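Visitor: have a look at this prediction, sequence included:
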Amino acid sequence: MDNSEIFPHIDHTLLRATATESEISTLCEEALKFGTASVCIPASYVKLAKEKFPSLKICTVIGFPLGYSTTSVKCFEARNAIENGADEIDMVINLGWVKDNKFHEVEREIAEVKTACGNKILKVIIETCYLTENEKITLCKCVTNAKADFIKTSTGFGTAGANIEDIRLFKKHIGENVKIKAAGGVKTKADLEMFLNEGCERIGTSSAVKLLAEENNVD
């Protein structure tokens with residue numbers, strides 16, 4: 001797969017707690033240079049990034065990385081991020097509700113956050129490393145019913161990231177209007193190609209741009 005086919009599917013990501021303004025600016029410059037789908041950055045940097053790079057698609061995370069903020073807080077986070085210039089929102093579900101079998105609450109929360117996002121893209125992180133197969137299947141239905149735009153595997157802060165078996169499971173159980181984002185542990189070109197060939201529309205990774213640029217000897 002040619003690199004030019006891969007870059008448009010990459011959410012070029014920097015969510016490290018110690019990320020600096022300079023690092024965020026470099027991330028944005030790389031995203032524009034290589035034509036990634038977006039940058040995925042902390043909410044505190046969204047306004048800065050949008051002002052400096054107005055043509056760049058900016059994604060941020062809410063309820064991140066543990067997911068147990070209240071629904072009202074997640075909705076506020078989403079609206080605030082969009083007011084600051086975010087084009088896409090990646091939210092983390094309440095995993096405690098999943099373990100308590102409160103899937104109706106999970107679905108309701110996703111729907112409320114989607115309403116808060118309006119016409120902006122909402123990706124729902126279900127953190128697969130903590131879930132049973134049945135929980136993953138039920139969450140595919142929740143994400144679909146709540147009319148979110150994407151289901152996303154992982155935060156990258158859990159005990160494991162994306163794996164191909166989960167992508168195949170998602171494909172069987174999500175609605176036709178829901179896309180898939182793989183994230184966490186995607187570090188090689190072979191990984192990127194594998195997930196894209198399996199049907200992922202987006203891949204969240206901090207390493208793809210460096211990896212692919214070095215392969216082409218691009219400075």
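Guide: Received, thanks.
Visitor: ok, residues contacting stretch 92-103?
Guide: The contact list for stretch 92-103 (CB atoms under 8 Å, 6 or more residues apart in numbering) reads 61-68, 105-106, 109-110, 124-127, 130-131, 135, 138-139, 142, 155. For the C-beta atoms, the positions are set from N, CA and C on the backbone; glycine is no exception.
Visitor: give me the subset of the residues you listed lying in strands.
Guide: Using DSSP state E, the members of these that fall in strands are V61, I62, V124, I125.
Visitor: now, among those, which is nearest to H173?
Guide: Nearest to H173 among these, counting by CB to CB, is V124 at 13.6 Å.
Visitor: sticking with L122, tell me its helix or strand.
Guide: strand 121-125 (DSSP states H and E).
Visitor: now swap in L211 and tell me
Guide: helix 208-215.
Visitor: so what's the model's average confidence on that helix?
Guide: The average of the pLDDT scores along helix 208-215 is 85.
Visitor: buried residues in it, which are they?
Guide: For helix 208-215, the neighbour count (16 or more other CB atoms under 10 Å) marks A208, V209, L211, L212, A213 as buried.
Visitor: count of neighbours near the residue nearest to the last one when sequence neighbours are not counted?
Guide: Right, A213. Counting by CB to CB, 6 or more residues apart in numbering, the nearest residue to A213 once its immediate chain neighbours are dropped is F34, at 6.9 Å. Using other CB atoms under 10 Å, the number of residues around F34 comes to 20.
Visitor: these two touch, right, F34 and E215?
Guide: No - contact criterion CB atoms under 8 Å: F34 and E215 do not qualify, at 11.9 Å.
Visitor: quick one, what contacts the most centrally placed residue in the chain?
Guide: By CA atoms, centre = their mean, the mean C-alpha position of the chain lies nearest to D90, the distance being 4.8 Å. Residues near D90 by CB under 8 Å, 6+ apart: C40, C59, T60, V61, I62, F64, K123, V124, I125, K152, K181, G204.
Visitor: roughly how far apart are the fourth one and I24?
Guide: Taking CB to CB, to the nearest Å as the measure, V61 falls 14 Å from I24.
Visitor: now the first one
Guide: Counting by CB to CB, the gap from C40 to I24 is 11 Å.
Visitor: equivalent analysis for the third one, please.
Guide: Counting by CB to CB, the separation of T60 from I24 is 11 Å.
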